[in-house]
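Asker: predicted structure and sequence below. I'll ask about it afterward.
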Amino acid sequence: MTLEVIRPLWPVGSGVSALATTRLGGVSRGPFLSFNLGERCGDDPDRVRQNRGLLSTGLPASPRWLRQVHGIRVLHLDDWSPDVEADAAWTDRPGQVAAVLSADCLPLLLADRQARLVAAVHAGWRGLAAGVVEAAVSALPLEPQALIAWIGPGISQAQYQVSSELRAQFPAEQGAFVENERGRWQADLKAIARNRLVEAGVGRVIDSGLCTAADAGRFFSYRRDGGRTGRQASLIWLQPAG
């Protein structure tokens, strides 16, 4: 099976590279078929290592994976260490690869038009409610207007039923919730993320339009698969000189 990746369609210079993986092209089996990159979802660790090795062959360096905890910690990759807990990372060092894992949560990639820095953010509903978008944008040492954001594959409103309690976590974004015939709510995480990015001053926001839950052939989905599933990755880096 051939490794399949998605490359953002966004107006950044040639000094920035980014991609999102799909579930296609790896060696995992069962519910993790086949290109699972998550170490903590129940897959065979050897198969995950093989998949990560396959991914790294096309990158300038191995991704600096985070232990994601649905929080708001943002770190520079110079401060990275194995198993560091964070949900966003950025770098201004060419060749360092920032990465986040997801299986319905939103991966957000940020870059500036002059290719001075890049960032990757893991934004599920808990992180969005806690302020991970605002924390990530404010951590970057340039004006937010210079940034372009790409919202990668994540769960869409049509696929994401939530409770009134979850809706209450977003008092400023009630319009991102539509009541369904069961008296519950369909949540538009992408609209919430877009709103947070714009409110933080980001110059342009582009949505991939890809839904993880609706496309079982290409994406893992925690909600669709009942919690037993793999993880895809979204990665970004500055191209090394030469």
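Answerer: Nice, thanks for sending it over.
Asker: I figured residue 96 hits residue 238, correct?
Answerer: Yes. Counting by Cβ atoms under 8 Å, residue 238 is a contact partner of residue 96 at 7.5 Å. Any C-beta I mention is one placed from the backbone N, CA and C, and that applies to glycine too.
Asker: identify the residues contacting stretch 168-181?
Answerer: The contact list for stretch 168-181 (Cβ atoms under 8 Å, 6 or more residues apart in numbering) reads 125, 128-129, 157, 161-162, 167, 185-189, 191-192, 195.
Asker: repeat that with 6 Å
Answerer: Contact with stretch 168-181 is made by 129, 167, 185-188, 191-192, 195, as judged by Cβ atoms under 6 Å, 6 or more residues apart in numbering.
Asker: tell me the pLDDT of the most centrally placed residue in the chain.
Answerer: Geometric centre of the chain, nearest residue: residue 107, 1.5 Å, by Cα atoms, centre = their mean. At residue 107, the model reports a pLDDT of 98.
Asker: ok, it - contacts?
Answerer: Residue 107 makes contacts with 100, 152, 234, as judged by Cβ under 6 Å, 6+ apart.
Asker: then the helix or strand encompassing it to PDB, C-alphas only?
Answerer: Applying DSSP states H and E as the criterion places residue 107 in strand 106-112. Only the C-alpha atoms of strand 106-112 are listed here, as PDB (Å, rounded to 0.1, in the frame of the first residue of the first chain):
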ATOM      1  CA  LEU A 106      -8.300  19.600  14.900                       C
ATOM      2  CA  PRO A 107      -4.700  19.900  13.800                       C
ATOM      3  CA  LEU A 108      -3.800  23.500  13.200                       C
ATOM      4  CA  LEU A 109      -0.700  24.500  11.200                       C
ATOM      5  CA  LEU A 110       0.600  28.000  11.400                       C
ATOM      6  CA  ALA A 111       3.200  29.700   9.200                       C
ATOM      7  CA  ASP A 112       4.200  33.300   8.300                       C
END
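Asker: each with direction, which strands does that strand pair with?
Answerer: Counting by DSSP bridges, the strands paired with strand 106-112 are strand 118-123 (antiparallel), strand 147-151 (antiparallel).
Asker: with that, I have no additional questions.
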